[in-house]
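Peer 1: sharing a model that was predicted from the sequence below.
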Amino acid sequence: MSEKDTTVSINVSIANKKFPIIAKSQEEEEIYRTASKRINDMISKFQAKYGTQADPLDFLYLTAFQHTVALIQAEKRNDTEPLIREIEKINLKIDEFVKE
């Protein structure tokens, strides 16, 4: 199958606005749909907390902020660079010890 055969055009709805998206696989389609659901769920929570009289864009801003904070936290948890540097230092010390 060619790549064209595996792409599918879908519509996701975020804050009652539809967006056309091209998914390159069934897995990607599922990710897009899950993402839009999570965003809408977060917006609903903010609406319940702050009331529907607040500006709907404020809910989108807060949702973007919370998701970005979660992304940064996940990146920090998965940051292996400091660990790799420490391993390299240990390797250097081992090499020096073995050479003596």
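Peer 2: Noted; the coordinates are in hand.

Peer 1: contact partners for Tyr50?
Peer 2: 58-59 (C-beta atoms under 8 Å, 6 or more residues apart in numbering). Heads up, the C-betas are built off the backbone N, CA and C, glycines and all.

Peer 1: next one: it from Glu30, what distance?
Peer 2: The gap separating Tyr50 from Glu30 is 31 Å, by C-beta to C-beta, to the nearest Å.

Peer 1: torsion angles phi and psi at Ser13?
Peer 2: Ser13 adopts backbone torsions of phi -110, psi 130, taken as degrees, to the nearest 10.

Peer 1: and Ile21, by the same measure?
Peer 2: Dihedral angles (degrees, to the nearest 10) for Ile21: phi -130, psi 140.

Peer 1: how many other residues sit next to it?
Peer 2: 16 (other C-beta atoms under 10 Å).

Peer 1: next one: Ala23
Peer 2: There are 18 residues near Ala23, going by other C-beta under 10 Å.

Peer 1: which stretches of the chain have low pLDDT?
Peer 2: 1-5, 100 (pLDDT under 70).

Peer 1: the one helix or strand Phe65 maps to: what's the following helix or strand?
Peer 2: Using DSSP states H and E, the element containing Phe65 is helix 56-77. Where DSSP H and E defines the elements, the next helix or strand beyond helix 56-77 is helix 81-99.

Peer 1: I am finished for the moment; much appreciated.
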